[in-house]
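K.L.:
no sequence for this one, just the structure:
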């Protein structure tokens, strides 16, 4: 019976969901299963077709975009491809708040729209989505999970911490999915050794075929298992998301669970965006549903360069987001994946803009963004210090606060070494404070980050 669950899930459960919810996920899933194998040109043609439909709809029914087009003296037909989208302004969170009502399509009665809220690291927004977007989004999400070898109905342990998913309504959904989808949701908000011990017991009891969750939460579980040499059940695959997965943490997860890690990129505002396939060489962009631009100083970056990710959702006609600033940094790629899929590629996700440090470069004479953790400025030294947890916070251009949970054998000599290292790379004019704490809580959304900046390294003058 166990082997029948994925077949039952995909062929009976999904159509049942569609009937109950009024969605068309099953149909969308069949379509996406075909289009992923289209050639690059065929996918570009399909994407452009969807873009033209979206732009005409936005012009005809969305007051905000009607004003934008008129103010720029253009019409939808002036935008013939994704490259022409730069004729329109970037959509920011502040613009959404300011123009909220005028961003809603007049074609959709409000009663047919579904209220939603973004995730993010604190600067959240409200929005509306349609059942059509849900259908395409979930179909694309599970297509990506399929690349990782996960099929609906596989036993899955989900480490999550978003309050929207752990609310009363979220608990009801959890009960439903636990019974039918065989997904067990674990609150990853508090991950002390005691909590990780309980999750380990659950891991051995459930023997999940798949582990999904926040990248850093999965890493913390993996690190706990290795640290204490605990025998445990290994999943067939691990899927991470919601946070930047740095290479060293990927290796730790793979070592602990003895399987491959597949990283997934999505957001509440846009839906499923990109994911790794079995080659792990890049992220396939869900080009049937979304257009990604990579921008720096208002211009497109070249392949292999870092740029702000601007996303256009092609499926949410109820409240269109065109050139939405994801506040993430990615690196585009012109390569072709060996897997044979024609979907465009993103080489890597570098992280949130708030995960980049603003550093004044004397040679260049201006501020440049750098990655402080992972392989960056602090990543190497932090790996060799006896720390349980740490978080680096850039309060201002000239002030850094390092919060530290001491590990065994931590001493003043380690503090002195950390300060010397930091000043060597950041200079003597920056104030560095070290604060010792007993516990580092996650952000309100449940996400954890080793670095948080209070200033935007990509906009600081």
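P.N.:
Yep, it's here. Quantities reported herein were computed from a predicted structural model and do not represent experimental measurements.
K.L.:
got any ranges where the stretch 251-400 of the chain has weak pLDDT?
P.N.:
352-377, 379-380, 383 (pLDDT under 70).
K.L.:
neighbours of the nearest residue to residue 429 once chain neighbours are set aside, just the number please.
P.N.:
Among residues not flanking residue 429 along the chain, residue 398 sits closest, at 6.2 Å (CB to CB, 6 or more residues apart in numbering). Backbone N, C-alpha and C define where each C-beta goes, glycine included. Neighbour count of residue 398, defined by other CB atoms under 10 Å: 13.
K.L.:
Can you report phi and psi for residue 398?
P.N.:
Dihedral pair for residue 398: phi -120, psi 20, per degrees, to the nearest 10.
K.L.:
thought it was touching residue 433?
P.N.:
No. Checked against CB atoms under 8 Å, the pair residue 398 and residue 433 is beyond contact range at 11.7 Å.
K.L.:
quick one: strands adjacent to the helix or strand that contains residue 115?
P.N.:
Residue 115 belongs to strand 114-117 when assigned by DSSP states H and E. Taking DSSP bridges as the criterion, strand 114-117 sits next to strand 126-129 (antiparallel) in its sheet.
K.L.:
From residue 429, how far out is residue 289?
P.N.:
47 Å (CB to CB, to the nearest Å).
K.L.:
Between the two, tell me which one has more neighbours.
P.N.:
Using other CB under 10 Å as the criterion, residue 289 and residue 429 rank with residue 289 on top: 24 against 9.
K.L.:
Quick one, grab the pLDDT at residue 196.
P.N.:
In this model, residue 196 is scored at 87, pLDDT.
K.L.:
Next one: it from residue 225, what distance?
P.N.:
For residue 196, the distance to residue 225 - CB to CB - is 8 Å.
K.L.:
again with residue 109
P.N.:
51 Å.
K.L.:
Of these two, which one has the most company?
P.N.:
Taking other CB under 10 Å, residue 109 and residue 225 do not tie; residue 225 has more neighbours (22 against 8).
K.L.:
can you give me the strands in the stretch 201-350 of the chain?
P.N.:
Remark: strands assigned in the stretch 201-350 of the chain by DSSP state E, counting those that start in this stretch are 210-214, 237-241, 261-267, 271-276, 283-285, 290-296, 299-300, 307-313, 324-333, 345-352.
K.L.:
can you redo those as JSON lines with mean neighbour count and distance to residue 57?
P.N.:
Converted to JSON lines, those look like this (neighbours: other CB atoms under 10 Å; distance: least, CB to CB, whole Å):
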{"stretch": "strand 210-214", "mean neighbour count": "25", "distance to residue 57": "34"}
{"stretch": "strand 237-241", "mean neighbour count": "24", "distance to residue 57": "30"}
{"stretch": "strand 261-267", "mean neighbour count": "23", "distance to residue 57": "22"}
{"stretch": "strand 271-276", "mean neighbour count": "25", "distance to residue 57": "17"}
{"stretch": "strand 283-285", "mean neighbour count": "25", "distance to residue 57": "22"}
{"stretch": "strand 290-296", "mean neighbour count": "21", "distance to residue 57": "15"}
{"stretch": "strand 299-300", "mean neighbour count": "12", "distance to residue 57": "25"}
{"stretch": "strand 307-313", "mean neighbour count": "23", "distance to residue 57": "12"}
{"stretch": "strand 324-333", "mean neighbour count": "22", "distance to residue 57": "16"}
{"stretch": "strand 345-352", "mean neighbour count": "20", "distance to residue 57": "27"}
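K.L.:
Next, format those as TSV and append distance to residue 26.
P.N.:
Formatted as TSV, the strands of the stretch 201-350 of the chain follow (distance: least, CB to CB, whole Å):
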stretch	distance to residue 26
strand 210-214	21
strand 237-241	22
strand 261-267	20
strand 271-276	16
strand 283-285	22
strand 290-296	21
strand 299-300	37
strand 307-313	21
strand 324-333	28
strand 345-352	28
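K.L.:
nearest to residue 437, of these?
P.N.:
strand 210-214 (20.6 Å; CB to CB).
K.L.:
contact partners of the closest one?
P.N.:
145, 148-150, 154-161, 186, 188, 203, 218, 235-243, 257, 446-448 (CB atoms under 8 Å, 6 or more residues apart in numbering).
K.L.:
Having no further points to raise, I will conclude here.
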